[in-house]
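Colleague: Sequence and predicted structure, then a few things I'm wondering about:
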Amino acid sequence: MLTLVTGTTGQVGRRFVPRLLAQAGPGERVRVLVRDASRGERFAELGAEVVVGDLRDAEALGKAVAGVDAVVNVAASFRGVPDEEAWAVNRDAAVELGRAAVSAGVERFVQVSTCLVYGTGRGRPLVEDDEVRPGGAMWGAYPESKAAAERELLALEGLDVRIGRLPFVYGEGDPHLAQSLRWATGWAATQRLHMGHHADVAQGLLRLLYAPGLRGPAYNIADDAPVTAVDLFRVNGVEVPEDLYTRTDPDPWLGVMSTDRIRRDLGYRPYFPSVWAARDAGAL
(Lines give C-alpha, C1' and ligand atoms only; values in the text may rest on other atoms or scores of the structure.)
Protein backbone atom coordinates (compact mmCIF):
# COMPACT_ATOMS: atom_id res chain seq x y z
CA MET A 1 0.00 0.00 0.00
CA LEU A 2 1.35 3.39 -1.02
CA THR A 3 -0.15 6.40 0.76
CA LEU A 4 0.25 9.99 -0.41
CA VAL A 5 0.08 12.74 2.21
CA THR A 6 -0.30 16.43 1.37
CA GLY A 7 0.08 19.40 3.68
CA THR A 8 3.07 17.72 5.31
CA THR A 9 4.86 20.89 6.40
CA GLY A 10 1.90 22.31 8.33
CA GLN A 11 1.33 21.83 12.04
CA VAL A 12 -0.83 18.71 11.60
CA GLY A 13 0.97 17.16 8.65
CA ARG A 14 4.49 17.41 10.05
CA ARG A 15 3.38 15.46 13.12
CA PHE A 16 1.14 13.01 11.28
CA VAL A 17 3.66 11.75 8.72
CA PRO A 18 6.24 10.43 11.24
CA ARG A 19 3.46 8.52 13.00
CA LEU A 20 2.24 7.08 9.70
CA LEU A 21 5.77 5.99 8.85
CA ALA A 22 6.39 4.54 12.31
CA GLN A 23 3.45 2.17 12.13
CA ALA A 24 3.82 1.19 8.46
CA GLY A 25 3.90 -2.56 7.96
CA PRO A 26 5.83 -4.63 5.42
CA GLY A 27 5.15 -3.42 1.90
CA GLU A 28 3.56 -0.18 3.08
CA ARG A 29 5.11 3.02 1.77
CA VAL A 30 4.50 6.72 2.30
CA ARG A 31 4.87 9.51 -0.26
CA VAL A 32 4.77 13.20 0.63
CA LEU A 33 4.10 16.19 -1.59
CA VAL A 34 6.14 19.29 -0.71
CA ARG A 35 6.69 22.59 -2.49
CA ASP A 36 10.32 22.86 -1.42
CA ALA A 37 12.68 19.88 -1.65
CA SER A 38 14.59 20.98 1.45
CA ARG A 39 11.40 20.73 3.52
CA GLY A 40 11.01 17.12 2.48
CA GLU A 41 14.45 16.06 3.71
CA ARG A 42 13.34 15.12 7.24
CA PHE A 43 10.60 12.90 5.80
CA ALA A 44 13.05 11.26 3.38
CA GLU A 45 15.34 10.49 6.32
CA LEU A 46 12.41 8.74 7.99
CA GLY A 47 11.78 6.64 4.89
CA ALA A 48 9.20 8.60 2.90
CA GLU A 49 9.26 9.14 -0.85
CA VAL A 50 9.29 12.85 -1.67
CA VAL A 51 7.56 14.50 -4.63
CA VAL A 52 8.22 18.20 -5.17
CA GLY A 53 5.37 20.29 -6.50
CA ASP A 54 2.48 22.59 -5.71
CA LEU A 55 -0.92 21.19 -4.81
CA ARG A 56 -2.42 23.67 -7.28
CA ASP A 57 -0.33 22.34 -10.19
CA ALA A 58 -2.14 19.66 -12.22
CA GLU A 59 1.11 18.16 -13.49
CA ALA A 60 2.46 17.86 -9.96
CA LEU A 61 -0.77 16.18 -8.83
CA GLY A 62 -0.44 13.61 -11.59
CA LYS A 63 3.07 12.70 -10.46
CA ALA A 64 2.05 12.64 -6.83
CA VAL A 65 -0.85 10.19 -7.25
CA ALA A 66 0.83 7.85 -9.74
CA GLY A 67 0.74 4.32 -8.32
CA VAL A 68 -0.90 5.49 -5.07
CA ASP A 69 -3.47 3.39 -3.19
CA ALA A 70 -4.63 6.00 -0.68
CA VAL A 71 -4.45 9.77 -0.16
CA VAL A 72 -4.55 11.74 3.09
CA ASN A 73 -5.19 15.38 2.21
CA VAL A 74 -4.04 17.42 5.20
CA ALA A 75 -3.34 20.57 3.19
CA ALA A 76 -5.23 23.66 4.34
CA SER A 77 -5.02 27.42 4.20
CA PHE A 78 -6.79 29.37 6.90
CA ARG A 79 -5.61 31.86 9.54
CA GLY A 80 -4.84 35.26 8.08
CA VAL A 81 -4.98 34.38 4.38
CA PRO A 82 -7.09 36.13 1.72
CA ASP A 83 -10.39 34.44 0.94
CA GLU A 84 -9.19 33.73 -2.60
CA GLU A 85 -6.31 31.65 -1.29
CA ALA A 86 -8.54 29.77 1.12
CA TRP A 87 -10.87 28.78 -1.72
CA ALA A 88 -7.96 27.91 -4.02
CA VAL A 89 -6.32 25.55 -1.54
CA ASN A 90 -9.17 24.22 0.57
CA ARG A 91 -11.71 23.58 -2.17
CA ASP A 92 -10.21 23.87 -5.65
CA ALA A 93 -6.94 22.06 -5.02
CA ALA A 94 -8.62 19.42 -2.86
CA VAL A 95 -11.18 18.63 -5.55
CA GLU A 96 -8.52 18.54 -8.27
CA LEU A 97 -6.52 16.16 -6.10
CA GLY A 98 -9.63 14.00 -5.78
CA ARG A 99 -10.13 13.98 -9.54
CA ALA A 100 -6.48 13.11 -10.10
CA ALA A 101 -6.88 10.29 -7.57
CA VAL A 102 -9.87 8.91 -9.47
CA SER A 103 -7.95 9.02 -12.74
CA ALA A 104 -5.00 7.21 -11.15
CA GLY A 105 -7.19 4.48 -9.68
CA VAL A 106 -6.68 5.49 -6.05
CA GLU A 107 -8.99 3.50 -3.81
CA ARG A 108 -9.24 5.61 -0.66
CA PHE A 109 -9.19 9.35 0.06
CA VAL A 110 -9.06 10.81 3.58
CA GLN A 111 -10.04 14.46 3.60
CA VAL A 112 -9.03 16.47 6.67
CA SER A 113 -11.78 18.94 7.48
CA THR A 114 -12.91 21.02 10.44
CA CYS A 115 -15.66 21.24 13.05
CA LEU A 116 -16.28 24.77 11.77
CA VAL A 117 -18.29 23.35 8.85
CA TYR A 118 -21.18 22.82 11.29
CA GLY A 119 -21.56 26.53 11.94
CA THR A 120 -23.70 27.36 14.94
CA GLY A 121 -24.31 24.98 17.81
CA ARG A 122 -27.40 22.79 18.12
CA GLY A 123 -27.94 22.88 21.89
CA ARG A 124 -26.04 19.59 22.22
CA PRO A 125 -22.79 18.06 20.95
CA LEU A 126 -22.60 18.20 17.16
CA VAL A 127 -23.00 14.89 15.32
CA GLU A 128 -21.83 13.96 11.86
CA ASP A 129 -25.35 13.85 10.42
CA ASP A 130 -26.04 17.46 11.39
CA GLU A 131 -26.55 19.82 8.48
CA VAL A 132 -23.36 21.49 7.29
CA ARG A 133 -23.99 25.25 7.43
CA PRO A 134 -20.72 27.14 7.91
CA GLY A 135 -20.74 30.82 8.67
CA GLY A 136 -19.32 33.57 10.82
CA ALA A 137 -16.59 36.13 10.23
CA MET A 138 -13.87 34.77 12.49
CA TRP A 139 -12.20 32.43 10.02
CA GLY A 140 -13.08 34.09 6.74
CA ALA A 141 -13.66 31.66 3.87
CA TYR A 142 -12.03 28.73 5.67
CA PRO A 143 -15.20 26.95 6.93
CA GLU A 144 -17.16 27.50 3.72
CA SER A 145 -14.31 26.34 1.49
CA LYS A 146 -13.80 23.22 3.61
CA ALA A 147 -17.52 22.45 3.50
CA ALA A 148 -17.54 22.87 -0.27
CA ALA A 149 -14.56 20.52 -0.58
CA GLU A 150 -16.38 17.87 1.45
CA ARG A 151 -19.46 18.16 -0.75
CA GLU A 152 -17.60 18.03 -4.07
CA LEU A 153 -15.26 15.22 -3.07
CA LEU A 154 -18.18 13.08 -1.92
CA ALA A 155 -19.82 13.64 -5.32
CA LEU A 156 -16.89 12.05 -7.17
CA GLU A 157 -17.67 8.58 -8.48
CA GLY A 158 -15.30 5.71 -7.88
CA LEU A 159 -13.54 7.17 -4.84
CA ASP A 160 -13.95 6.04 -1.22
CA VAL A 161 -13.90 9.43 0.53
CA ARG A 162 -13.50 9.55 4.32
CA ILE A 163 -13.74 12.87 6.15
CA GLY A 164 -12.12 13.66 9.50
CA ARG A 165 -13.51 16.80 11.13
CA LEU A 166 -10.96 18.24 13.51
CA PRO A 167 -11.34 20.49 16.55
CA PHE A 168 -8.78 23.04 17.75
CA VAL A 169 -5.51 21.11 17.49
CA TYR A 170 -2.64 21.56 19.94
CA GLY A 171 0.36 19.90 21.58
CA GLU A 172 3.99 18.93 21.02
CA GLY A 173 5.22 22.50 20.75
CA ASP A 174 2.50 23.68 18.37
CA PRO A 175 2.16 27.46 18.95
CA HIS A 176 -1.59 27.16 18.35
CA LEU A 177 -2.27 26.85 22.07
CA ALA A 178 -0.56 30.13 22.94
CA GLN A 179 -2.14 31.81 19.93
CA SER A 180 -5.59 30.93 21.25
CA LEU A 181 -5.33 33.83 23.69
CA ARG A 182 -5.56 36.26 20.78
CA TRP A 183 -9.28 35.61 20.47
CA ALA A 184 -10.04 34.16 23.91
CA THR A 185 -9.35 37.64 25.29
CA GLY A 186 -12.66 38.72 23.80
CA TRP A 187 -14.66 35.70 24.97
CA ALA A 188 -16.93 35.15 27.93
CA ALA A 189 -15.34 33.26 30.82
CA THR A 190 -17.51 30.20 30.20
CA GLN A 191 -17.13 30.12 26.42
CA ARG A 192 -15.83 26.70 25.39
CA LEU A 193 -13.34 25.37 22.86
CA HIS A 194 -13.23 21.72 21.84
CA MET A 195 -9.67 20.50 21.43
CA GLY A 196 -7.66 17.54 20.22
CA HIS A 197 -4.00 16.70 20.81
CA HIS A 198 -1.83 16.00 17.77
CA ALA A 199 -1.38 12.42 18.92
CA ASP A 200 -5.14 11.92 18.91
CA VAL A 201 -5.67 13.69 15.61
CA ALA A 202 -3.10 11.35 14.08
CA GLN A 203 -4.75 8.37 15.75
CA GLY A 204 -8.13 9.33 14.32
CA LEU A 205 -6.78 9.88 10.81
CA LEU A 206 -4.93 6.56 10.88
CA ARG A 207 -8.13 4.78 11.87
CA LEU A 208 -9.97 6.45 9.00
CA LEU A 209 -7.18 5.50 6.61
CA TYR A 210 -6.97 1.82 7.50
CA ALA A 211 -10.57 0.88 8.34
CA PRO A 212 -11.81 -1.62 5.72
CA GLY A 213 -15.23 0.00 5.61
CA LEU A 214 -17.10 2.86 7.25
CA ARG A 215 -20.73 3.40 8.22
CA GLY A 216 -20.64 7.07 7.28
CA PRO A 217 -18.25 9.28 5.34
CA ALA A 218 -17.60 11.82 8.13
CA TYR A 219 -16.14 11.34 11.59
CA ASN A 220 -15.54 13.86 14.38
CA ILE A 221 -12.09 13.62 16.00
CA ALA A 222 -11.67 15.35 19.38
CA ASP A 223 -10.91 14.87 23.06
CA ASP A 224 -13.40 14.37 25.88
CA ALA A 225 -13.34 17.73 27.63
CA PRO A 226 -13.92 21.08 25.88
CA VAL A 227 -12.18 23.85 27.83
CA THR A 228 -13.37 27.33 28.80
CA ALA A 229 -11.74 30.65 28.06
CA VAL A 230 -10.60 30.68 31.68
CA ASP A 231 -8.94 27.29 31.15
CA LEU A 232 -7.07 28.61 28.10
CA PHE A 233 -5.51 31.38 30.15
CA ARG A 234 -4.70 29.02 33.00
CA VAL A 235 -3.07 26.34 30.85
CA ASN A 236 -0.98 29.05 29.18
CA GLY A 237 0.08 30.36 32.59
CA VAL A 238 -1.46 33.79 31.99
CA GLU A 239 -3.61 35.79 34.39
CA VAL A 240 -7.29 35.72 33.47
CA PRO A 241 -8.58 39.16 32.40
CA GLU A 242 -11.33 40.32 34.73
CA ASP A 243 -13.59 41.49 31.90
CA LEU A 244 -14.09 37.89 30.72
CA TYR A 245 -16.46 37.49 33.65
CA THR A 246 -18.65 40.36 32.47
CA ARG A 247 -19.55 38.74 29.14
CA THR A 248 -22.12 36.14 28.11
CA ASP A 249 -21.37 33.20 25.82
CA PRO A 250 -23.51 33.71 22.68
CA ASP A 251 -23.47 30.02 21.65
CA PRO A 252 -22.48 27.52 24.39
CA TRP A 253 -22.44 24.57 21.94
CA LEU A 254 -20.42 26.17 19.14
CA GLY A 255 -17.81 23.68 17.91
CA VAL A 256 -18.51 21.10 20.63
CA MET A 257 -18.62 17.70 18.92
CA SER A 258 -19.77 14.22 19.78
CA THR A 259 -17.15 11.49 19.21
CA ASP A 260 -19.60 8.64 19.68
CA ARG A 261 -19.40 7.53 16.04
CA ILE A 262 -15.61 7.21 15.84
CA ARG A 263 -15.52 5.53 19.23
CA ARG A 264 -18.17 2.99 18.29
CA ASP A 265 -17.13 2.31 14.70
CA LEU A 266 -13.35 2.60 14.87
CA GLY A 267 -12.42 2.06 18.52
CA TYR A 268 -11.03 5.56 18.97
CA ARG A 269 -10.13 6.59 22.52
CA PRO A 270 -8.09 9.77 23.05
CA TYR A 271 -4.64 9.28 24.52
CA PHE A 272 -5.09 12.72 26.07
CA PRO A 273 -8.73 13.08 27.16
CA SER A 274 -8.15 16.72 28.09
CA VAL A 275 -5.57 19.46 27.75
CA TRP A 276 -4.91 19.00 31.48
CA ALA A 277 -3.97 15.36 30.89
CA ALA A 278 -1.60 16.47 28.13
CA ARG A 279 -0.09 19.09 30.41
CA ASP A 280 0.48 16.59 33.20
CA ALA A 281 2.13 14.21 30.72
CA GLY A 282 4.48 16.95 29.46
CA ALA A 283 2.92 16.76 25.98
CA LEU A 284 2.07 20.41 25.43
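Modeller: Yep, it's here.
Colleague: measure stretch 111-125 end to end?
Modeller: Using Cα to Cα, to the nearest Å, the end-to-end distance of stretch 111-125 comes to 22 Å.
Colleague: quick one: buried residues of it?
Modeller: Judged by neighbour count (16 or more other Cβ atoms under 10 Å), stretch 111-125 contains these buried residues: 111, 112, 113, 114, 115, 116, 117, 118, 119, 121, 125. For glycine as for every other residue, the C-beta is placed from the backbone atoms N, C-alpha and C.
Colleague: For the fifth one, which residues are in contact?
Modeller: Contacts here follow Cβ atoms under 8 Å, 6 or more residues apart in numbering; on that basis residue 115 touches 126, 165, 166, 167, 194, 220, 222, 255, 257.
Colleague: thinking again about what came up before, looking at the buried residues of stretch 111-125, which one is closest to residue 235?
Modeller: Residue 235 lies nearest to residue 115 out of those, by Cβ to Cβ, at 19.7 Å.
Colleague: quick one on the thing from earlier: what's the farthest-apart pair in the buried residues of stretch 111-125?
Modeller: Between any two of the buried residues of stretch 111-125 (Cβ to Cβ), the greatest distance is 23.2 Å, for 111 and 121.
Colleague: what helix or strand does the closest residue to residue 90 other than its chain neighbours sit in?
Modeller: Among residues not flanking residue 90 along the chain, residue 145 sits closest, at 3.7 Å (Cβ to Cβ, 6 or more residues apart in numbering). Residue 145 is part of helix 142-154, with elements assigned from DSSP states H and E.
Colleague: Now do the buried residues in the helix or strand containing residue 72.
Modeller: Element membership of residue 72, judged by DSSP H and E, is strand 70-73. By 16+ other Cβ under 10 Å, the buried positions in strand 70-73 come out as 70, 71, 72, 73.
Colleague: Give me the contact list for the helix or strand following that strand.
Modeller: For strand 70-73, the following helix or strand on the C-terminal side (DSSP H and E) is helix 83-86. Contact partners of helix 83-86, identified using Cβ under 8 Å, 6+ apart, comprise 77, 78, 140, 141, 142, 145.
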